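*Asks:* Got a predicted structure here, sequence first:
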Amino acid sequence: MPELPEVETTVRDLRRSLPGKTIIGVSFTDWPNMLQTHPPDVLGQLLAGEQVLEVNRRAKYVLIMLSNDKHLVFHRKMTGNLFVRQSEAEADKYTHFVMPFNDNTELRFADLRKFGRIYLFLARDELDQYLSKLGPEPLLDEFTEEVFTSQLKGRKGALKPLLLNQNLLVGLGNIYVNEALWVSQLHPQRQADTLTAEERHELYLAIRQVLTTAVENRGTTLSDYLDGEGQKGRNQELLKVHERENQPCYRCDTPIVKINVGQRGTYFCPVCQPVPEGVIMNYPVSRNRKNNHPNP
DNA sequence: CCACGATCCTGCTAGC
DNA sequence: TGCTAGCAGGATCGTG
């Protein structure tokens, strides 16, 4: 599923090819639910003749800045992919939206699950309003340790669902939360405001490190994610816990455990990420012995 | 504030 | 072998 590194990779790809192109209109759209702001014909009319100025990212949104202060926005949710193709190139599977340019290329939005969404805002203010509740960008200077500390303060909920909340901090999804918690050796069900300063520091560093590494590796492709040219990422080879159930922990060899937290598949090492007081787990855990294997 | 469940979707797969 | 129920999950919304 596209999280910050996957969206960032796509944005960098699109940024190399889209600016300067002029939109002809919308040549194909077969899934009305995808279009959040305008019906297909109106959207096509509003886009026709506009030029692409910039491509940017905010959280997991792809922002395409157009002439006349128009802003075309994509959210890929779980399985959405954006490709720039020559118009005559073979169709991409699961394509539900095509926007041709005046140079015989086109932007295609392909999405197996059809959860992806497209928005057109007619002024910067409308875009800013729409994005106004989002938290800080973890890879920018605005995400300081002080900001992170204040966000966690007084939070009684479990760490993992909190880190997935885009109002607190943007860009993390299931994969990178699992990874960051393993790196910082914190249990996903730790109550957020019980972290020591040292633990919070480690988590803060882990979030930035995990995301930075994934960006450098052009994202994680587990099943559906492809970059702007249709290529897979490389970060899946570096995952420490995500989708590694029953495989040995890279730190202590204990088999990785999978549980559900906040209705999300959650992977962690039961030894490196000790269960907090008061949380009852249905697998045996020893905090002292290394070779403690949970039931299969 | 927090937990939980439902919703939106379809390809895949575990289990019969 | 063939079928099917259930799972996967980002964000939002409703309920308690």
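*Replies:* All right, it came through fine.
*Asks:* how about A:Thr220, what does it touch?
*Replies:* A:Thr220 makes contact with A:Glu3, A:Pro5, A:Glu6, A:Ile175, A:Ala214, A:Gly233, A:Asn235, A:Gln236, A:Leu239 under the criterion C-beta atoms under 8 Å, 6 or more residues apart in numbering. Heads up, the C-betas are built off the backbone N, CA and C, glycines and all.
*Asks:* Ignoring the adjacent residues along the chain, who's closest to the first one?
*Replies:* Leaving out its chain neighbours, the residue that sits closest to A:Glu3 by C-beta to C-beta, 6 or more residues apart in numbering is A:Gly173, at 3.6 Å.
*Asks:* Now stretch A:217-229: buried residues?
*Replies:* Judged by neighbour count (16 or more other C-beta atoms under 10 Å), stretch A:217-229 contains these buried residues: A:Asn217, A:Arg218, A:Gly219, A:Thr220, A:Thr221, A:Asp224, A:Tyr225, A:Leu226, A:Asp227, A:Gly228.
*Asks:* mind checking the end-to-end distance for it?
*Replies:* Start and end residues of stretch A:217-229 are separated by 15 Å (C-alpha to C-alpha, to the nearest Å).
*Asks:* That one and DNA strand C in contact?
*Replies:* No. Counting by C-beta under 7 Å from any atom of the strand, DNA strand C has no neighbours in stretch A:217-229; the shortest distance is 9.2 Å.
*Asks:* what is the mean pLDDT for that stretch?
*Replies:* Averaged across stretch A:217-229, pLDDT comes to 88.
*Asks:* Repeat that for stretch A:98-118.
*Replies:* Mean predicted confidence for stretch A:98-118 is 96.
*Asks:* same deal with stretch A:18-31?
*Replies:* Stretch A:18-31 comes out at a mean pLDDT of 97.
*Asks:* Check which residues of it are buried.
*Replies:* Applying 16+ other C-beta under 10 Å to stretch A:18-31 flags A:Leu18, A:Lys21, A:Ile23, A:Ile24, A:Gly25, A:Val26, A:Thr29 as buried.
*Asks:* The residues you listed in strands, which ones?
*Replies:* Using DSSP state E, the subset of the buried residues of stretch A:18-31 located in strands is A:Thr29.
*Asks:* Run through the buried residues of stretch A:18-31 and flag the ones next to DNA strand B.
*Replies:* The subset of the buried residues of stretch A:18-31 within reach of DNA strand B, by C-beta under 7 Å from any atom of the strand, is empty.
*Asks:* how far away is the residue nearest to A:Val271 when sequence neighbours are not counted from A:Leu53?
*Replies:* Counting by C-beta to C-beta, 6+ apart, the nearest residue to A:Val271 once its immediate chain neighbours are dropped is A:Thr254, at 4.5 Å. Distance from A:Thr254 to A:Leu53, counting by C-beta to C-beta, to the nearest Å: 52 Å.
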